[in-house]
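Peer 1: Generate a structure from the sequence data that follows.
(chains A, B, C and D)
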2 protein chains.
Amino acid sequence: MHTALLTKASSSALPSLDLNIPPLRPYADASTPSVGSVRSFAKDEEIFGEGDRAAFVYKVLSGVVRTSKLLSDGRRQIDAFHLTGDIFGIEAGEEHRFCAEAVGDCMVILYRRTHLASSVGKDAQLVQDMTTGMMRSLVRAQNHMLLLGRKSAVEKIATFLLDMAERTADDDALDLPMSRTDIADHLGLTIETVSRSFTQLERQGIIELPSARHVVLANRAALERLNT
Amino acid sequence: MHTALLTKASSSALPSLDLNIPPLRPYADASTPSVGSVRSFAKDEEIFGEGDRAAFVYKVLSGVVRTSKLLSDGRRQIDAFHLTGDIFGIEAGEEHRFCAEAVGDCMVILYRRTHLASSVGKDAQLVQDMTTGMMRSLVRAQNHMLLLGRKSAVEKIATFLLDMAERTADDDALDLPMSRTDIADHLGLTIETVSRSFTQLERQGIIELPSARHVVLANRAALERLNT
DNA sequence: CGGACTTTTGAAGGACATCAAAATCTGTGG
DNA sequence: CCACAGATTTTGATGTCCTTCAAAAGTCCG
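Peer 2: Model (predicted):
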């Protein structure tokens, strides 16, 4: 029975080697296997801290989560914002190397790591999700290194807006769930520079800012040009 | 036999879920399974280009490889240097999103990707290596984002030196295989700033520079302090 | 309406980039 | 072994993008 399950897993594609990311992000829904437990977090509440024992892997059901690292003097780098359906908190070692916090009120599902490791094959979809999540994190991190290392402030904002739009928006209107401080710590800037870059893009007619957190991509082509 | 191999694999830890990085990096040696073919590359020779079909996964047998991304105007970000034993070129999609070049003369082993995907279980060690390689890349990328986004030039150099020392050196002497240009493009700086930062660390007695590419970590504690 | 928080704007400063040139290293051929 | 040409690295002078410090404007929610 043990071997049978494993054989079944390998007959389609062994999780660890199916490196192809499915074209559509799997939606978080009620049909998610019951191996996980659901928790909700209030705005700015900590989901796990840097150095915490990594007992779970997490998936966002609703809301937005940020994962970040801190230097001893308080400088912060947000490595990613996780939207609905995104998996976060996958770790190689025993402890979390990031902290995770709720950007706004949110719900997440927790999968116990030991459970994952010991009952392989019981939920091939979940295992696939983990691999996909890891691969997706890697791709995002690699693109983000180019942004952090080599792009100007305005280019960073342009890339960020296009990415958020792609992940959340159907049209060219976009609601930013996070503060300027969060954006700054994600892009390696200060809040003032973030604000000034938004203003500059607005003055150039590339975006509209009906309110601070509502962005309209008025000239997507110009944004794409800043993204190259 | 097929199932037997899989069972064997799972008895210790199934590749896709054993996220723990083995404490010691596996050494590249002659006993590496024969499924790969070996190629050598001259200094600065391209191993694969951005956009190339990702037909292989690679492992460094000797020398150093850099993987990098380019912006349209030539700005470059080196995401990682790969030393002996490191795996690189793992992709989620059909094509390489980086280019890979030999930093100096080097040898790499190529594993055909289709071969990996279709003959799973034939080489559990290799499968484990792939997963480990992916996980290791993710960890490195995440640490590097903090460096790129939030560290000063001197802090970047300090972190870089400590990392290289950890990966290559037994004692406090260190031979840098790459140029100042490569270091600059890895750390998001210019060659002039890299050079000035080296000089500053030397003046402070934290490192010694008998020659440009030979570094002695004279005061490791001070370096660690810059690394926090 | 009022107070706290977030965002924007302004002025000044600093860290890193750019431009330029000197110094050093590397390899090759005499 | 030395000379020399090219490449790499270092150093200097200046410029600029982003940060820092400060304050005004806008937003949220009781």
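Peer 1: neighbours around the closest residue to residue A:196 other than its chain neighbours, how many?
Peer 2: Beyond its immediate neighbours in the sequence, the residue positioned closest to residue A:196 (C-beta to C-beta, 6 or more residues apart in numbering or on different chains) is residue A:153, lying 7.6 Å away. (C-beta placed from N, C-alpha, C; glycine too.) When counting by other C-beta atoms under 10 Å in any protein chain shown, one arrives at 17 neighbours for residue A:153.
Peer 1: what sits against residue A:153?
Peer 2: When contacts are counted by C-beta atoms under 8 Å, 6 or more residues apart in numbering or on different chains, residue A:153 touches A:187, A:189, A:193-194, A:196-197.
Peer 1: Count the neighbours of whichever residue of chain A sits closest to DNA strand D for me.
Peer 2: With C-beta to the nearest atom of the strand as the measure, the residue in chain A that lies nearest DNA strand D is residue A:193; the distance is 2.9 Å. Residue A:193 sits with 17 neighbouring residues when counted by other C-beta under 10 Å.
Peer 1: With residue A:181 instead?
Peer 2: Here the neighbour count serves as a burial measure; for residue A:181 (other C-beta under 10 Å) it reads 13.
Peer 1: Go through the contacts of residue A:153 and name the one nearest residue B:37.
Peer 2: Minimum separation from residue B:37 among the contacts of residue A:153 (C-beta to C-beta) is found for residue A:187, which lies at 42.0 Å.
Peer 1: mind listing what residue A:184 touches?
Peer 2: Neighbour list for residue A:184: A:190-191, A:193-194 [criterion: C-beta under 8 Å, 6+ apart].
Peer 1: mind listing what's buried in the helix or strand hosting it?
Peer 2: When secondary structure is defined using DSSP states H and E, the element that contains residue A:184 is helix A:180-187. Residues A:180, A:182-187 are the ones in helix A:180-187 that count as buried (16 or more other C-beta atoms under 10 Å in any protein chain shown).
Peer 1: I'd like the next helix or strand past it.
Peer 2: Assignment by DSSP H and E places the next element after helix A:180-187 at helix A:191-203.
Peer 1: packing partners for that next one?
Peer 2: Taking 3 or more C-beta pairs under 8 Å, 6 or more residues apart in numbering or on different chains; DSSP states H and E as contact, the helices and strands that helix A:191-203 lies on are helix A:153-168, helix A:180-187, strand A:207-211.
Peer 1: starting at the chain centroid, how far to the last one?
Peer 2: Distance of strand A:207-211 from the chain centroid (C-alpha atoms, centre = their mean, to the nearest Å) equals 24 Å.
Peer 1: Following the chain onward from that strand, which element is next?
Peer 2: Next in sequence after strand A:207-211, counting helices and strands by DSSP H and E, comes strand A:214-217.
Peer 1: next one: the longest one
Peer 2: Proceeding N to C from helix A:153-168, the next assigned helix or strand is strand A:173-175, under DSSP H and E.
Peer 1: If you count contacts, what does that next one end up packed against?
Peer 2: In terms of contacts (3+ C-beta pairs under 8 Å, 6+ apart), strand A:173-175 is packed against helix A:153-168, strand A:214-217.
Peer 1: check whether it contacts DNA strand C.
Peer 2: No: judged by C-beta under 7 Å from any atom of the strand, strand A:173-175 stays clear of DNA strand C, getting no closer than 11.6 Å.
Peer 1: How far away from the center of its chain is the host helix or strand of residue A:140?
Peer 2: Using DSSP H and E, residue A:140 sits within helix A:124-150. Mean C-alpha position of helix A:124-150 versus that of the full chain (C-alpha atoms, centre = their mean) differs by 9 Å.
Peer 1: Compute the inter-axis angle for that helix and helix A:153-168.
Peer 2: Angle, helix A:124-150 to helix A:153-168, by axes from the mean of the first three to the mean of the last three C-alpha atoms, to 10 degrees: 170 degrees.
Peer 1: right, is stretch A:170-182 up against DNA strand D?
Peer 2: No: Stretch A:170-182 lies out of reach of DNA strand D by C-beta under 7 Å from any atom of the strand, never closer than 10.7 Å.
Peer 1: Mind giving me the packing neighbours of the helix or strand containing residue A:39?
Peer 2: Residue A:39 belongs to strand A:37-41 when assigned by DSSP H and E. When contacts are defined as 3+ C-beta pairs under 8 Å, 6+ apart, strand A:37-41 packs onto strand A:106-112.
Peer 1: Name the residues that touch the strand it packs on?
Peer 2: Looking at what lies outside strand A:106-112 - C-beta under 8 Å, 6+ apart - the contacts are A:28, A:32, A:35-41, A:47, A:55-65, A:126.
Peer 1: May I see the buried residues of stretch A:97-111?
Peer 2: By neighbour count, with 16+ other C-beta under 10 Å as the criterion, the buried positions of stretch A:97-111 are A:97-103, A:106-111.
Peer 1: contacting residues around the most centrally placed residue in chain A?
Peer 2: Chain A has residue A:82 as the residue nearest its centroid, 2.7 Å off, counting by C-alpha atoms, centre = their mean. Contact analysis of residue A:82 by C-beta under 8 Å, 6+ apart lists A:60, A:64-67, A:88.
Peer 1: switch the cut-off to 6 Å
Peer 2: Each residue near residue A:82 by C-beta atoms under 6 Å, 6 or more residues apart in numbering or on different chains is listed here: A:60, A:65, A:88.
Peer 1: partners of it in the sheet?
Peer 2: Each beta-bridge partner of residue A:82 is listed here: residue A:65, as defined by DSSP bridges.
Peer 1: Need the buried residues of helix A:180-187 in CSV (columns: pLDDT).
Peer 2: As requested, those are exported to CSV (pLDDT from 0 to 100):
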residue, pLDDT
A:180, 98
A:182, 98
A:183, 98
A:184, 98
A:185, 98
A:186, 98
A:187, 99
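Peer 1: Among these, which one sits closest to residue B:171?
Peer 2: Using C-beta to C-beta, residue A:185 comes nearest to residue B:171 of the buried residues of helix A:180-187, at 37.6 Å.
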